[in-house]
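Asker: generate coordinates for the sequence data below:
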Amino acid sequence: MKHLTVVEHPLVQHKLTLMREKDTSTASFRKLLREISLLLAYEVTRELPVTTKQIETPLCAMEAPTIEGKKLALVSILRAGNGLLDGILELIPAARVGFVGLYRDEETLEPVQYYFKVPKNLEDRTVIAVDPMLATGNSSVAAIDLLKQAGAKNIIFLCLLASPEGVKRMEEAHPDVPIITASLDEKLNEKGYIVPGLGDAGDRMFGTK
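Answerer: Presented below is the predicted three-dimensional model:
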């Protein structure tokens, strides 16, 4: 799994443990997801291209580093992706934002598209697609398919949890898309949920469980 990065920072792992606990409240879950997304954002933006520009400090002129190219595009895979999106936007408020609406058919486990709206010029931007769960990988692969059709060439996938099955599915379909996650869990159950996991991230975030 060469294209997979597991962020093992102690704060990330501690907050993830709190999120996994079944008795964690909706408010606490939402707060923790926002906090952990900020920490994951540092890792997902580690390789952004950097250039320099001439600035004036209070003491002198200098060549100072700055991010190169067009502003980032953050794309939330609805609905649960919004939990990661909100935290990352605190760190990168100038980023362009897009949304991919997909839901999983509970019988076939296949994704069904209901919405797609993304920024222009994706081919010139680093695109970070966010979804807390990489489970079967079907929805994630479908979302990346849509982004590539819209012109995106440099895509990073950020999730909170991943299953081995989901990572394999993504690697087969999109080997050029690196995956950043806080945990590679054990497996999927017969219903396509990550085990040990944390349940349905969207339900726990929005209180619809």
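Asker: CA only for contacts and neighbour counts going forward, please
Answerer: OK.
Asker: any idea how far stretch 64-75 is from the middle of the chain?
Answerer: 17 Å (C-alpha atoms, centre = their mean, to the nearest Å).
Asker: how far does that stretch stretch from start to finish?
Answerer: Terminal residues of stretch 64-75 lie 29 Å apart, using C-alpha to C-alpha, to the nearest Å.
Asker: cool, and stretch 69-82?
Answerer: Counting by C-alpha to C-alpha, you get 25 Å between the two ends of stretch 69-82.
Asker: what sits up against that stretch?
Answerer: Residues from elsewhere that reach stretch 69-82 (C-alpha atoms under 8 Å, 6 or more residues apart in numbering): 49, 84-85, 94-103, 118-119, 122, 124-132, 143, 201-202, 205.
Asker: same question for stretch 179-197.
Answerer: Residues outside stretch 179-197 that contact it (C-alpha under 8 Å, 6+ apart): 3-8, 12-13, 16, 20, 40, 43-44, 106, 109, 135-136, 156-165, 199-200.
Asker: output the below-cut-off pLDDT ranges for the protein.
Answerer: When residues are selected by pLDDT under 70, those of the chain lie in 1, 109, 209.
Asker: show me what the longest helix along the chain is packed against.
Answerer: When the chain is parsed with DSSP state H, its longest helix is helix 26-44. Judged by 3 or more C-alpha pairs under 8 Å, 6 or more residues apart in numbering; DSSP states H and E, helix 26-44 is in contact with helix 10-20, helix 81-91, strand 179-184, helix 201-206.
Asker: give me the buried positions along stretch 75-93.
Answerer: By neighbour count, with 16 or more other C-alpha atoms under 10 Å as the criterion, the buried positions of stretch 75-93 are 75-89, 92.
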